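> got a structure for you, letters missing:
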């Protein structure tokens with residue numbers, strides 16, 4: 001039966017489609033710094049602040065403690081991203097669907113970071129770290145949902161590449177700030193960046209009220225197993241599953257090889273072989289080189305994928321290229337070898353993430369749950385980042401030391417590159 005009044009909106013999908021979004025340029029102007037702040041949070045804490053705090057509080061067991069802590073926060077990371085997207089999908093407020101969650105989780109994350117700066121024991125640090133990863137990943141879930149909300153499909157390659165540039169730059173900012181400012185002020189400065197960029201985002205691209213949007217269709221109540229099954233319903237889609245698997249293994253490859261960079265440089269390359277005998281300074285230099293490779297290719301890759309309307313080709317070649325790159329530190333376990341590795345890793349990672357976000361947005365099976373489903377796909381990035389600590393700890397301890405990280409990374413990247421070519425509905 002057709003709607004007798006064309007002005008009446010009857011579904012969430014029609015309502016969202018009827019909103020007039022801000023221009024893509026304006027959207028990216030504000031979403032870029034918000035994403036940058038979030039990446040600075042993740043990388044500054046993971047690469048510098050947490051390892052240095054753990055090493056200070058328990059130097060004898062630093063590898064095991066760090067691996068245990070990152071295993072704990074893996075659970076909240078896995079829950080937080082899709083939860084942020086799903087809750088924002090269902091939110092009805094005069095401020096819109098995404099805004100309340102972006103603002104709320106951004107501010108709470110900033111408060112938790114400052115509290116971590118005051119933490120003087122491992123138990124409290126672990127509790128705050130876990131809580132932070134829940135709120136910051138919920139923040140990511142709500143922010144990422146803006147891409148399918150506001151960007152036309154034909155321009156998603158360019159949009160994804162520009163948003164993707166926030167990752168290497170945010171990494172550089174986070175590591176540089178954490179390294180220069182130290183544990184307390186590092187947390188404080190990054191917390192302020194996250195809070196300010198969240199405020200700029202919600203006020204710069206104001207959402208229309210969602211109060212009058214019809215609620216999402218209700219489903220019949222059932223067991224908690226049925227609830228989980230409903231939440232993960234997107235995995236029934238063939239292309240969604242493969243996209244998740246490809247991103248998961250690529251992210252696990254990269255995160256495992258670089259997540260213990262602080263200890264890799266100090267123990268594998270040797271502190272005496274680093275510039276100025278400074279591990280923190282060496283981490284910053286490696287990240288700068290990686291960012292140079294990433295930035296040099298990212299925007300061009302996204303633009304070209306839009307031009308050719310080819311996503312899988314770029315993503316697959318980048319993943320296989322990263323697999324080959326993983327052998328450089330094994331062949332040349334030197335400071336020079338690490339720098340060459342960082343450059344090529346940046347080029348291939350930049351190519352991958354310049355196009356991958358656009359590909360992810362094109363395999364979402366349900367228009368009404370794009371925030372939730374894109375959040376689930378983002379778990380394939382966030383979860384490996386956290387799990388990499390436990391994986392790396394096991395590889396270093398039981399599987400041949402730091403060189404094993406790169407062998408494992410090569411295998412994972414190759415799996416990612418092969419799997420993506422089996423996606424059907426995206427070229």
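On my side now, so go ahead. None of the values given here were measured: they were computed from a predicted structure.
> tell me the contacts of residue 371?
Residue 371 sits next to 84, 85, 86, 88, 89, 97, 98, 141, 142, 144, 145, 149 when contact means C-beta atoms under 8 Å, 6 or more residues apart in numbering. For every residue, glycine as well, the C-beta is placed using N, CA and C.
> Residue 365 sits in which helix or strand?
Using DSSP states H and E, residue 365 sits in no helix or strand.
> next one: the one 10 residues further on
In this assignment (DSSP H and E), residue 375 forms part of helix 370-398.
> now the closest residue to residue 265 other than its chain neighbours: how far from residue 342?
Leaving aside its sequence neighbours, residue 265 sits nearest to residue 282 (C-beta to C-beta, 6 or more residues apart in numbering; 4.9 Å). For residue 282, the distance to residue 342 equals 11 Å [C-beta to C-beta, to the nearest Å].
> try residue 171
11 Å.
> Likewise for residue 306?
Counting by C-beta to C-beta - residue 306 and residue 342 are separated by 28 Å.
> hang on, the earlier thing: buried stuff in the helix holding residue 375?
For helix 370-398, a neighbour-count test (16 or more other C-beta atoms under 10 Å) marks 370-393, 395-396 as buried.
> try stretch 253-267
253-266.
> can you put the contacts of residue 371 in JSON lines and add neighbour count?
Converted to JSON lines, those look like this (neighbours: other C-beta atoms under 10 Å):
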{"residue": "84", "neighbour count": "30"}
{"residue": "85", "neighbour count": "28"}
{"residue": "86", "neighbour count": "22"}
{"residue": "88", "neighbour count": "27"}
{"residue": "89", "neighbour count": "23"}
{"residue": "97", "neighbour count": "26"}
{"residue": "98", "neighbour count": "28"}
{"residue": "141", "neighbour count": "32"}
{"residue": "142", "neighbour count": "30"}
{"residue": "144", "neighbour count": "28"}
{"residue": "145", "neighbour count": "28"}
{"residue": "149", "neighbour count": "19"}
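> Looking at those, spot the one nearest residue 353.
The closest of those to residue 353 turns out to be residue 144 (C-beta to C-beta; 12.6 Å).
> which ones are touching the closest residue to residue 403 other than its chain neighbours?
Leaving aside its sequence neighbours, residue 403 sits nearest to residue 330 (C-beta to C-beta, 6+ apart; 5.1 Å). Contacts for residue 330 were tallied using C-beta under 8 Å, 6+ apart; they are 403, 406, 407.
> Next, please give the residue ranges for the strands of the stretch 51-200 of the chain.
Taking DSSP state E, counting those that start in this stretch, the stretch 51-200 of the chain contains no strands at all.
> picking that back up, pull out the buried positions in the host helix or strand of the residue nearest to residue 403.
With secondary structure defined by DSSP H and E, residue 330 is part of helix 328-331. Using 16+ other C-beta under 10 Å as the test for burial, helix 328-331 gives 328, 329, 330.
> From residue 281, how far off is the second one?
Read that as residue 329. 19 Å.
> now the top helix by length along the chain and helix 370-398, what's the angle there?
If you go by DSSP state H, the chain has its longest helix at helix 156-204. Per axes from the mean of the first three to the mean of the last three C-alpha atoms, to 10 degrees, the angle that helix 156-204 makes with helix 370-398 is 110 degrees.
> State the distance from the residue lying closest to residue 169 once chain neighbours are set aside to residue 413.
Sequence neighbours aside, residue 36 is the residue nearest to residue 169 in space, at 5.7 Å (criterion: C-beta to C-beta, 6+ apart). Using C-beta to C-beta, residue 36 is found at 25 Å from residue 413.
> the more surrounded of these two?
residue 413 (30 against 24; other C-beta atoms under 10 Å).
> correct me, but the more buried one touches residue 253?
Yes: using C-beta atoms under 8 Å, residue 413 is in contact with residue 253, at 4.0 Å.
> which neighbours do those two share?
By C-beta under 8 Å, 6+ apart, the residues touching both residue 413 and residue 253 are 322, 323, 326.
> With neighbour count as extra columns, can I get the residues you listed in CSV?
Shown next, in CSV, are the shared contacts of residue 413 and residue 253 (neighbours: other C-beta under 10 Å):
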residue, neighbour count
322, 27
323, 22
326, 25
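> from the residues you listed, which is closest to residue 426?
residue 322 (20.2 Å).
> Just the element for that closest one, please.
Assigned by DSSP H and E, residue 322 falls in helix 312-325.
> and that helix, which residues are buried?
312, 314, 315, 316, 318, 319, 320, 321, 322, 323, 325.
> and it with helix 156-204, angle?
Going by the same axes, to 10 degrees, helix 312-325 makes 90 degrees with helix 156-204.
> Counting by contacts, list what helix 312-325 packs against.
Helix 312-325 is packed against helix 238-258, helix 279-308, helix 335-361, helix 403-420, with contacts defined by 3 or more C-beta pairs under 8 Å, 6 or more residues apart in numbering; DSSP states H and E.
> which stretch among those helices comes nearest residue 181?
helix 279-308 (11.1 Å).
> Residue 155 contacts residue 306, correct?
Yes: counting by C-beta under 8 Å, residue 155 does reach residue 306; the two are 6.6 Å apart.
> Of the two, give the one with the bigger neighbour count.
Neighbour count, other C-beta under 10 Å: between residue 155 and residue 306, residue 306 has more, with 21 against 14.
> Quick check: that one vs residue 148, distance?
16 Å.
> how many neighbours does residue 293 have?
Look at residue 293: counted by other C-beta under 10 Å, it has 20 neighbours.
> dump the residue contacts of it.
342, 343, 344, 345, 346, 347, 350.
> export the residues you listed to a markdown table and tack on pLDDT?
Below are these laid out as a markdown table (pLDDT from 0 to 100):
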| residue | pLDDT |
| --- | --- |
| 342 | 94 |
| 343 | 94 |
| 344 | 94 |
| 345 | 94 |
| 346 | 90 |
| 347 | 90 |
| 350 | 85 |
